[in-house]
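Asker: okay, predicted coordinates and the sequence, questions at the end:
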Amino acid sequence: PKYINSPQTKLYEKGHVIFNYHRAKTFAHKAHRVILVEGAMDVLAFEKADIHESIACLGTACTTEQLELIQRLRVPVTICYDGDSAGQNATYKFGKKALAQNMEIVVVQNHTNKDPDEIFDQGGKAELSAFVSRTISFIDFLFDYLLTKYNLDNYEDRKAYAQEIFEAIEKMANSFEKETYLAQLKQKTGFDFHTMVKQPVQPKRKKQRSMPIHLTQPMSGRDIAERAIVNCILLSKSACQRFRDEIGFFKDPKCQKLSLYIYDVYRTYDRLDMDQLMAQITDEEIRSFLMQIWNDPYRKTAFDQAYFNDSMKKIKLCTLQERIDAINAKIKTVADPIEKAKLSVDKQRLLHEQGRISYGNEKQNESI
């Protein structure tokens, strides 16, 4: 039955899942959009119309966890909620959250009280396809929707209306759109924001020269290699096993914590599913770290044997160098010549091992 909701349990937390997400994500990448609807019946309507990239939050409110799942798809979102007041309010609330996350969104222009399920029943596939293609920008949506929140005959309301729309224009519109929207906003409210937009476009070069430059400290070679290994073991169980057997730990605490979650998934499965992994991670810092690695535009999306081997080699060389540096420091403090001689032998052994790895004599595992 359409309106019966499942009770919340330890196994099913409504705010943490999205209906049809696991099926729609592949189609969303192909269509370069995901259609967000209110309920399961709306998703089924799109399925009947051979449109497979629709999802539903099973209610009008989208939680932070659900927003994170949608953002992970990295495709524009088409908001297709009902045309009634509840649907329009839900569109506004989702749009504000998406705006804060710099997500790309458009809104289906729905001037009816019908939902996608009803539109399909009455007009079939062609009507629903045409309906979901009639989109407007979220800024255009705000121009109309905010008239239900603010009275433009009241000065304070008119100012609040103008400010809210201007903030959306600043975040979402390109330079061409900004000019049009700002002119429309001025005509509607009397407030002119043009000068506020133009100021950051004209940098004051002289002042820039005198300003201190703050640079982020670059990552070390080992840090880069460890992140590369994390990406590799996300893509290959065999790579994960080889890293664990030959090195066994990450120096970076976040890489180390994340690897433990990855090991846990591979104990049961041969392939790693990103959604499944995210669901297991309880540490918010590690969840953010995983998203940072996964959303890196330069990361490899398919396992690369040579890349993995080079990263393993780098970590091994760095580990050996750290041990050599520690021996050098100890030699300076030891007075006993016999102890110094033992340390020198250990150092020579490590240098030999370092040279063996550097010149490619290390046995490589090519079976991954």
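Answerer: Now that the structure is in, tell me what you want to look at.
Asker: hmm, residue 272 is touching residue 262, no?
Answerer: Yes. Using CB atoms under 8 Å, residue 272 makes contact with residue 262 at a distance of 6.7 Å. C-beta: built from backbone N, CA, C; applies to glycine.
Asker: more neighbours: those two, which one.
Answerer: residue 262 (20 against 17; other CB atoms under 10 Å).
Asker: which residue, other than its chain neighbours, is closest to the more buried one?
Answerer: Using CB to CB, 6 or more residues apart in numbering and skipping residues adjacent in sequence, the residue nearest residue 262 is residue 233, 5.7 Å away.
Asker: and the strands in this protein?
Answerer: With strands called from DSSP state E, the chain shows them at 34-37, 54-56, 77-79, 105-108, 135-137.
Asker: closest one to residue 9 among the ones you listed?
Answerer: Taking CB to CB, strand 54-56 is the member of these nearest to residue 9, at 19.4 Å.
Asker: list of residues touching the closest one?
Answerer: Identification of contacts with strand 54-56 by CB atoms under 8 Å, 6 or more residues apart in numbering yields 18-21, 24, 34-40, 42-43, 46-47, 70, 80, 116.
Asker: same list (the strands of the chain) but as JSON lines, adding mean pLDDT.
Answerer: Below are those laid out as JSON lines (pLDDT from 0 to 100):
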{"stretch": "strand 34-37", "mean pLDDT": "94"}
{"stretch": "strand 54-56", "mean pLDDT": "95"}
{"stretch": "strand 77-79", "mean pLDDT": "95"}
{"stretch": "strand 105-108", "mean pLDDT": "93"}
{"stretch": "strand 135-137", "mean pLDDT": "92"}
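Asker: turn the ones you listed into CSV, including distance to residue 345.
Answerer: Output for these, formatted as CSV (distance: least, CB to CB, whole Å):
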stretch, distance to residue 345
strand 34-37, 62
strand 54-56, 64
strand 77-79, 64
strand 105-108, 66
strand 135-137, 72
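Asker: a markdown table for the ones you listed, including distance to residue 191 and mean neighbour count?
Answerer: Shown next, in a markdown table, are the strands of the chain (distance: least, CB to CB, whole Å; neighbours: other CB atoms under 10 Å):
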| stretch | distance to residue 191 | mean neighbour count |
| --- | --- | --- |
| strand 34-37 | 32 | 25 |
| strand 54-56 | 37 | 25 |
| strand 77-79 | 27 | 22 |
| strand 105-108 | 24 | 22 |
| strand 135-137 | 20 | 16 |
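Asker: do you know which of those lies nearest residue 309?
Answerer: strand 34-37 (37.0 Å).
Asker: partners of that closest one, with directions?
Answerer: Next to strand 34-37 in the sheet, as set by DSSP bridges, lie strand 54-56 (parallel), strand 77-79 (parallel).
Asker: which residues touch residue 101?
Answerer: Going by CB under 8 Å, 6+ apart, residue 101 touches 67, 71.
Asker: that older thread, which among the contacts of strand 54-56 count as buried?
Answerer: For these, a burial check counting by 16 or more other CB atoms under 10 Å picks out 18-21, 24, 34-39, 42-43, 46, 70, 80, 116.
Asker: among these, which are in helices?
Answerer: In this view, the buried ones among the contacts of strand 54-56 that belong to helices under DSSP state H are 21, 24, 42-43, 46, 70, 116.
Asker: tally of neighbours for the nearest residue in space to residue 228 that is not next to it in sequence?
Answerer: Spatial nearest neighbour of residue 228, excluding adjacent residues (CB to CB, 6+ apart): residue 311 at 4.2 Å. By other CB under 10 Å, 23 other residues sit near residue 311.
Asker: do the same with the one 5 residues further on
Answerer: Neighbour count of residue 316, defined by other CB under 10 Å: 18.
Asker: state the pLDDT value of it.
Answerer: With respect to pLDDT, residue 316 has a value of 88.
Asker: with residue 364 instead?
Answerer: Here the pLDDT value assigned to residue 364 is 45.
Asker: which residues touch residue 320?
Answerer: If a contact means CB under 8 Å, 6+ apart, then residue 320 has 350, 353-354, 357 as its contacts.
Asker: name the nearest of these relative to residue 179.
Answerer: Among the contacts of residue 320, and counting by CB to CB, the member closest to residue 179 is residue 357, at 59.5 Å.
Asker: need the pLDDT of the residue nearest to residue 16 when sequence neighbours are not counted.
Answerer: Once flanking residues are discounted, residue 16 sits nearest to residue 65: 4.8 Å by CB to CB, 6+ apart. What the model reports as pLDDT for residue 65 is 89.
Asker: what number of residues are in the vicinity of residue 65?
Answerer: By other CB under 10 Å, 14 other residues sit near residue 65.
Asker: of the ones in helices among the buried ones among the contacts of strand 54-56, which is the nearest to residue 178?
Answerer: Closest approach to residue 178 among those (CB to CB): residue 70, at 26.0 Å.
Asker: done for today, thanks.
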